[in-house]
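Colleague: okay, here's the prediction I keep looking at, along with the sequence it came from:
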Amino acid sequence: MRHFPTAALAAAFFLAASPPGHAAGFPACVDGLKRAAGKAGIRKSVVRRALDIAEPDARVLRLSTVQPERRIPIWDYLAFVVDDQRFREGKAAMRRHGAALRRAEKRFGVNRHVIAAIWGVETDYGKTTGRNFLPHALATLTCRGGRREAFWRRELLAALRIVNAGDLPLAKLYGSWAGAFGQTQFMPSTYRRLAVDFDGDGRKDLVSSVPDALGSAANYLRRAGWRTGRPRIIEVRVPNGYRGPEGRKRKAALDTWAARGLRRMDRRRLKGKLRAGLLRPAGPDGPAFLTFRNFDSLYAYNHAESYALAVAHLADRLAGRGRFRAAWPTDDPGLSRIERKWLQELLIVEGYDPGAPDGKIGPKSRAAIREAEKDLGLPVTGRAARRIFQALGGK
Ligand code: CA
């Protein structure tokens, strides 16, 4: 769960951050946080162990000021976020935790495939939950100053309250540099508001208890306005040259959309009073969707169209529906995570340096791809995509 776009956050830091190496005021700032935590009723032993930190967390400083990447195309994002591996592992995870998922669906009225999809997109079903110690990360973000200082301070105190309440030991407070943590990546204040004990052991543990994490994600969506049994998204065909209303917020009844000439891709009839908006993530030449109120609820979890589409699509696939039928407007589609790793290995074999082959395409990998594209006389994109992959011998 990221509550703000990375780009905006990074920009805010560039404007507000102190010069590199600044740490003089840090110990005094941390002392202030310790006093605030004491006043908030956090036990001394917790405060001491949580905030025994002399310098800002260097990795958090680095991650929080990374220049945002150029916006990656939606088809690249979906290719690696909703790849066959995440689909297969999602099926297995749903079998393993079927009872908890069904119970969460019943209790909170949120479709179990959607709960599983959030779990899969957020942390790869609990496998990658982040490795930053939250008190240090949040103290670092608070004490470097800037416009969001009060926000980070609140999140830090919320994290300590979770420990103070006995829900989690301090040693489990590891997550993203920005404080989201646990199997479904809650911010600490969200955790305090919406986490539920769903395995009945008396503690809300979204780090180690899968039922607690899944139940809490369902509770979160219910509070975000989820409507039981209602659709999320349907793929449609839009008539050529359509120039009518567009955007997920400009909703109209399905009957109205049918009158405007839209048709469902699955050939079922488009009819009824349910309201939906028209979303064309890649413009008029790519897939088109009618999106419903439940699709909007996913934005509460992470306010990004790409994220909501990934969750909705993964949920559809887990529910037995196929891939999108319309093609994305590109002759150079994106790669799955395994293919991205394979591409990095091929680059290494050819003498380029994309960094460790981990499937993550960072600045080094992009530079290596650009170099290889130049050498092979291909259009220079820096994207981990099918054309360079195949040119290097990938299949
Ligand atoms: Ca529990």
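Modeller: Here it is on my side, so go on.

Colleague: now the spatially most central residue of the chain: which helix or strand?
Modeller: Centroid-nearest residue in the chain, with Cα atoms, centre = their mean: residue 122, separated by 4.9 Å. Taking DSSP states H and E as the criterion, residue 122 maps to helix 112-123.

Colleague: so which bits of stretch 63-83 are buried?
Modeller: Judged by neighbour count (16 or more other Cβ atoms under 10 Å), stretch 63-83 contains these buried residues: 63-65, 73-83. Every residue, glycine included, has its C-beta placed from N, CA and C.

Colleague: state the mean pLDDT of it.
Modeller: On average, the pLDDT along stretch 63-83 is 87.

Colleague: centre of the chain to that stretch, how far?
Modeller: In this view, stretch 63-83 has its centroid 10 Å away from the chain centroid, taken as Cα atoms, centre = their mean, to the nearest Å.

Colleague: now do the same end-to-end measure for it.
Modeller: Length of stretch 63-83, first residue to last, Cα to Cα, to the nearest Å: 26 Å.

Colleague: ok, and what's touching stretch 73-87?
Modeller: 120-121, 124, 281-282, 286, 305-306, 309-310, 313-314, 317-318, 328, 330, 333-338, 340, 359, 383-385 (Cβ atoms under 8 Å, 6 or more residues apart in numbering).

Colleague: of those, buried ones?
Modeller: 120-121, 124, 281-282, 286, 306, 309-310, 313-314, 317-318, 328, 330, 333-337, 340, 359, 383-385.

Colleague: restricted to helices, list those.
Modeller: The helices, defined by DSSP state H, take in 120, 121, 306, 309, 310, 313, 314, 317, 318, 337, 340 from these.

Colleague: about what we covered before: show residues contacting the helix holding residue 122.
Modeller: 1, 81-82, 86, 89-90, 93-94, 101-102, 104-105, 125-126, 129, 183-185, 213-214, 217-218, 221, 232, 294, 298, 301, 307, 310-312, 314-316, 318-319.

Colleague: other SSEs contacting the next helix or strand after it?
Modeller: Scanning forward in sequence from helix 112-123 by DSSP H and E, the next helix or strand is strand 132-133. Packing contacts for strand 132-133, counted by 3 or more Cβ pairs under 8 Å, 6 or more residues apart in numbering; DSSP states H and E, involve helix 58-64, strand 174-175.

Colleague: relative to strand 132-133, what are the paired strands and their orientations?
Modeller: Using DSSP bridges, the strands paired with strand 132-133 in its sheet are strand 174-175 (antiparallel).

Colleague: now do the buried residues in whatever helix or strand comes next after the partner strand.
Modeller: Downstream of strand 174-175, the first helix or strand assigned by DSSP H and E is helix 188-194. Neighbour-count burial for helix 188-194 flags 188, 189, 190, 191, 192, 194 (criterion: 16+ other Cβ under 10 Å).

Colleague: and the strands in the stretch 151-300 of the chain?
Modeller: With DSSP state E, counting those that start in this stretch as the definition, the stretch 151-300 of the chain shows strands at residue ranges 174-175, 233-237, 247-253, 263-264, 275-279, 288-291.

Colleague: nearest approach to the ion belongs to which of these?
Modeller: Between the ion and those, the shortest separation by Cβ to the ion is 18.2 Å, and it involves strand 174-175.
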